[in-house]
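Novice: Just a sequence and a predicted model for now, questions to come.
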Amino acid sequence: MQEFWKFVTQDWYFAIPMFCMSFAAITLVVWRIMLNRHVNTNLDEFLPEFQEVLAKDGVDGAVRYCKGQPGLIPRKLFAGGLETAKLGLAAMRRTMANVIELEILPDLTFLLPTILAIAKIATMVGLLGTVISMIGTFSEIEEVRRKGGDITSQSGAIGLALFATALGLVTAIPLVFAHVLFKAWIANFEVKLKSAAQKLLLLVQAAKPAARMAAPASDGVSAKR
């Protein structure tokens with residue numbers, strides 16, 4: 001601990017940026033985790049309620065219901081698909097594919113490039129700090145050798161220079177691990193999006209024949225009257 005504190009005080013021009021990057025990295029990871037918690041939707045609970053609204057209030061009512069939900073699947077995917085339901089299932093399929101590609105996936109990958117960039121920069125800054133410290137240490141060793149002093153007294157400075165690399169790796173390794181986990185979660189969520197889009201097409205397709213059957217029945221009642 002004493003050696004680490006010595007590194008912080010002597011090489012503060014490297015230590016402070018590394019600490020700032022570490023703090024920023026933790027903030028971004030926590031922020032991304034909180035965002036991921038608010039984008040998911042329990043389809044087992046949502047779909048039965050959605051089906052009731054679709055049967056009762058029609059497509060327009062279902063659009064309003066979906067836009068009032070918190071998750072990305074109802075709020076963006078289902079709402080976008082239902083808004084083009086009158087144009088047919090093919091139009092719904094194209095619209096939902098565009099929503100996934102252009103709206104939902106960019107939201108899910110938000111902050112990930114920054115997290116990966118900090119991981120790479122932290123490693124490089126740590127190596128740079130080590131190299132600069134080593135250059136200064138070897139210069140001091142050469143000066144001590146010329147004066148006939150004991151060069152082994154500078155061995156601690158060599159170990160001190162490696163703290164910069166260690167701090168960079170301590171920052172970068174968790175960030176790379178978090179980035180891989182986020183990418184895997186996005187891939188799984190994309191599969192869930194496509195499955196939800198297919199379920200919406202089936203629900204709308206099932207609701208249209210019911211609406212067409214109800215229309216002749218109402219016409220027959222009005223004709224008898």
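Specialist: Yep, it's here. What you see is a predicted model; the values in this text were computed from it and never measured.

Novice: can we go C-alpha only for contacts and neighbour counts from here?
Specialist: Will do.

Novice: which helices and strands sit right next to the helix or strand harbouring K56?
Specialist: If you go by DSSP states H and E, K56 is part of helix 43-67. Using 3 or more Cα pairs under 8 Å, 6 or more residues apart in numbering; DSSP states H and E as the contact test, the elements touching helix 43-67 are helix 79-82, helix 155-224.

Novice: Sketch out the low-pLDDT regions of the chain for me.
Specialist: 1-8, 10-11, 13, 144-145, 148-160, 208-225 (pLDDT under 70).

Novice: and with 50 instead?
Specialist: 212-225 (pLDDT under 50).

Novice: give me the number of residues near A184?
Specialist: Using other Cα atoms under 10 Å, A184 has 12 neighbouring residues.

Novice: For it, give its distance to T109.
Specialist: Relative to T109, A184 is positioned 11 Å away (criterion: Cα to Cα, to the nearest Å).

Novice: L47 too?
Specialist: The gap separating L47 from T109 is 26 Å, by Cα to Cα.

Novice: what does E45 give?
Specialist: Separation of E45 from T109 (Cα to Cα): 26 Å.

Novice: okay, these two: which has more neighbours?
Specialist: A direct count of neighbours by other Cα under 10 Å for E45 and T109 places T109 higher, at 15 against 9.

Novice: Ramachandran coordinates for that one?
Specialist: With angles defined as degrees, to the nearest 10, T109 sits at phi -90, psi 0.

Novice: dump the residue contacts of it.
Specialist: Neighbouring residues of T109 by Cα atoms under 8 Å, 6 or more residues apart in numbering: K183, I186.

Novice: Where does Q69 sit, in terms of helix or strand?
Specialist: Using DSSP H and E, Q69 sits within no helix or strand.

Novice: tally of neighbours for it?
Specialist: 14.

Novice: For the nearest residue to it once chain neighbours are set aside, the count of nearby residues, please.
Specialist: Counting by Cα to Cα, 6 or more residues apart in numbering, R75 is the residue found nearest to Q69 once chain neighbours are left out, at 5.7 Å. Neighbour count of R75, defined by other Cα under 10 Å: 18.

Novice: Could you report the distance from R75 to E190?
Specialist: Applying Cα to Cα to R75 and E190 gives a distance of 15 Å.

Novice: Likewise for N40?
Specialist: N40 is 11 Å from E190, by Cα to Cα.

Novice: C66 too?
Specialist: C66 is 19 Å from E190, by Cα to Cα.

Novice: okay, these two: which has more neighbours?
Specialist: It is C66, of C66 and E190, that has more neighbours when counted by other Cα under 10 Å, with 23 against 17.

Novice: That one reaches A79, doesn't it?
Specialist: Yes: using Cα atoms under 8 Å, C66 is in contact with A79, at 5.7 Å.

Novice: Would you list the phi and psi of N42?
Specialist: Torsion angles at N42 (phi, psi; degrees, to the nearest 10) stand at phi -80, psi 100.

Novice: burial measure for it, as a count.
Specialist: Neighbour count for N42, taken as other Cα under 10 Å: 9.

Novice: P106 now?
Specialist: Per other Cα under 10 Å, the neighbour tally for P106 reads 11.
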